[in-house]
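Chemist: Below are the sequence and a predicted model for it; my questions follow.
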Amino acid sequence: MRSKRFLLLFILIPIFGLSQNPDVEIESDINIKFIEHNVKRKQTLFTISNLYNVPIDLIKKYNPQIKGDKISKRMVLKIPFITRSDTEKVIKETLAKQVSKSKNKKLNLFDSVPNKKNISLAFIAPFNLDKIDVDSIENAKKYLEKLNLSTLSLDFYSGTLSALETAKKLGIKIKLDTYDNKNSFEEIDRISNIKKIKNYDFIIGPFIPRNINKLSSNLQGLDVPIISPLTSNEIELNENVFQSIPSKRLQKELMFSYVDSLIVKDPDPCVMIIYDSSSEKQKVKLLERFPYAELIDTDLSEGLVDPEITDSLLVTKKNNLVFLESQNLNVITSVSSMLNSQISNERNIKMLTSYRSEIYENENISLQHLGNLKFTYPTYFLPKFGEELSELNNEFLANFGKLPNKTAIRAYEITLDLILRTSYRRKLIKSIDLPETKYYQNRFKYQTFENGFINNSVLLIQHDDLDVFEIDLK
């Protein structure tokens, strides 16, 4: 290990010395070489740029015959390659590996020594207790059997309580105050004026974006972190506001990075885009990458997709990529079922989407169909509920008489992560430079964004049969 460090130091000293000399002509050892590329059918400047890893502007610079961004089949392009000395190449690769290792490092806060052993937190959620008929067990039971803000709050609360139990086992004392904001601005104003609100180490909640914005606006100027726990929609990231779910924008950006990597591997697949008015922007971005893609607008067909049309458009000699850019349940169930039936030994079909909403968790959508289609999408959590959750499952069964659902698991993980971060760095805001923290399903790596902070840990998930796995773009 010691010899490797000396070797790295030996390599780095001369190059750093060179880079700090203002009299050195940096471009003196640059060599520009060219290769000729014959444009093939359906290729664009975008695909050629990715193919050779050369910027589009640089290609256009040495090919004045290109007008705008249009190129034609059989056009011959000069593709420039810029090379430097082998020494600099080795140095860059060495440094890149070191930076990559530091960026990809994950932190286990369970093993860290707590520097702050007493933590006070507030939990604000729309329990809406005034809507529950406590005088009638039957009516209360019926209300709580339905999915609503009350049941969502109670599920999250169960996860938070479990996280507190885990923290106590680590020697951390927790003071929790719980507030029912009743999905009301008036109630948020009342909570904001409580004297001890400024003394909390952090506040989890409220759930709904407009209520988060209201609370953060009320508490501006106070050094109290406010954590948005459950929404990926845009919120006002005022000072000390943490958005714990990566935004839709971040999720879509990761998906398009993956699409770009697919183009490099296969620049000429058969592509179909099924979309509606809500996904117009995604359609445009996909067309930039696949200008010859087949388009199906479900708004024009009242949500129906003709199987004869898709069957005639999908081919046997190429990879078939179908982008389903719709959050309509009927469209998702019918299209996934239809595409599944059109898979054969001679024809493979892969279904993708740039954003997977909660609608995909509807029981009417077949997981088997998604698995057969190798359904691929970006998300903020790993949807696994296997043996790795056995300890947490047993704890929930003992304490609440039921298994934890997705909301409860997320509550457990986000609450525990916030507690451990605060305990480790004394203040939550001082923990944003920590490497990514990873739990059963959720991951957290905060970065500054606007005036607040956002979790940028986005996962790329692919279904395979009845299982799911993460695609590592690195």
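Modeler: Sure thing, it's come through. Numbers count the residues shown, from 1 in each chain.

Chemist: my read: residue 60 touches residue 68, true?
Modeler: No. In this structure, residue 60 is not within contact of residue 68 by Cβ atoms under 8 Å, at 9.2 Å. Just so you know, the C-beta spots here come from the backbone N, C-alpha and C atoms, and that holds for glycine as well.

Chemist: more crowded one of those two?
Modeler: Summary of the neighbour comparison: residue 60 and residue 68, criterion other Cβ atoms under 10 Å, with residue 60 having more neighbours (18 against 7).

Chemist: ok, and the closest non-adjacent residue to that one?
Modeler: residue 66 (5.2 Å; Cβ to Cβ, 6 or more residues apart in numbering).

Chemist: if I look at the one you found, how far off is residue 76?
Modeler: Spatial separation of residue 66 from residue 76 under the definition Cβ to Cβ, to the nearest Å is 11 Å.

Chemist: Next: residue 274.
Modeler: Applying Cβ to Cβ to residue 274 and residue 76 gives a distance of 36 Å.

Chemist: Then residue 380?
Modeler: For residue 380, the distance to residue 76 equals 46 Å [Cβ to Cβ].

Chemist: Between the two, which has more neighbouring residues?
Modeler: Set side by side, residue 380 and residue 76 show unequal neighbour counts under other Cβ under 10 Å, the larger going to residue 380 at 22 against 10.

Chemist: Pull up the distance across stretch 428-435, start to finish.
Modeler: 14 Å (Cα to Cα, to the nearest Å).

Chemist: Flag every buried residue along it.
Modeler: Using 16 or more other Cβ atoms under 10 Å as the burial criterion, the residues of stretch 428-435 that qualify are 428, 429, 431, 434.

Chemist: how far out from the middle of the chain is it?
Modeler: Average the C-alpha atoms of stretch 428-435, do the same for its chain, and the two points are 19 Å apart (Cα atoms, centre = their mean, to the nearest Å).

Chemist: Please renumber the chain so that the first residue is 27 from this point on.
Modeler: I'll keep to 27 as the first residue from here, and by that count the last item is stretch 454-461.

Chemist: I'd like the average pLDDT over that stretch.
Modeler: Along stretch 454-461, the predicted local confidence has a mean pLDDT of 91.

Chemist: how near is the spatially closest residue to residue 419 that is not a sequence neighbour to residue 321?
Modeler: Closest residue to residue 419 apart from its sequence neighbours, by Cβ to Cβ, 6+ apart: residue 429 at 5.4 Å. When Cβ to Cβ is applied, the distance between residue 429 and residue 321 equals 43 Å.

Chemist: same deal with residue 283?
Modeler: In this structure, residue 283 lies at 23 Å from residue 321, with Cβ to Cβ as the measure.

Chemist: likewise residue 470?
Modeler: Look at residue 470 and residue 321: by Cβ to Cβ, they are 38 Å apart.

Chemist: Of the two, give the one with the bigger neighbour count.
Modeler: Each of residue 470 and residue 321 has its neighbours counted (other Cβ under 10 Å); residue 470 has more, 24 against 12.
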